[in-house]
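K.L.:
Predicted model, plus sequence, below.
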Amino acid sequence: MSISAHLEELKRKHDTLSQQVEEEQRAPGSSDFSIAEMKKQKLKLKEEITRLSA
């Protein structure tokens, strides 16, 4: 897999997580823990994207 293809996959996963976080935040009774975990995953993806783009 080329770096550009890997970057695109990471960006796709990041966007998917963003949507999931937004949906969870709007849902009544959603777990703060699960939202925090998704945000951590999102941050790790963003850091990896930044590292590979440099």
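P.N.:
Perfect, thanks for sending it.
K.L.:
which residue ranges form the helices in the chain?
P.N.:
Secondary structure of the chain, counting by DSSP state H: helices at 3-26, 32-53.
K.L.:
Buried residues of the longest one, list them for me.
P.N.:
Think helix 3-26. Buried positions in helix 3-26, judged by neighbour count with 16 or more other CB atoms under 10 Å: 10, 14, 17, 21. All C-beta spots, glycine's among them, are computed from the backbone N, C-alpha and C.
K.L.:
ok, the second one - contacts?
P.N.:
When contacts are counted by CB atoms under 8 Å, 6 or more residues apart in numbering, His14 touches 42, 45-46, 49.
K.L.:
next one: the last one
P.N.:
Under the criterion of CB under 8 Å, 6+ apart, the contact list for Val21 reads 35, 38-39, 42.
K.L.:
how near is it to Arg51?
P.N.:
Using CB to CB, to the nearest Å, Val21 is found at 22 Å from Arg51.
K.L.:
how deep is Pro28 tucked in, by neighbour count?
P.N.:
If you count neighbours by other CB atoms under 10 Å, Pro28 ends up with 4.
K.L.:
Can you pick out the most distant pair from the buried residues of helix 3-26?
P.N.:
By the measure CB to CB, Leu10 and Val21 form the most distant pair in the buried residues of helix 3-26, at 16.3 Å.
K.L.:
Show me the shaky parts of the chain.
P.N.:
Regions of the chain meeting the criterion pLDDT under 70 are absent.
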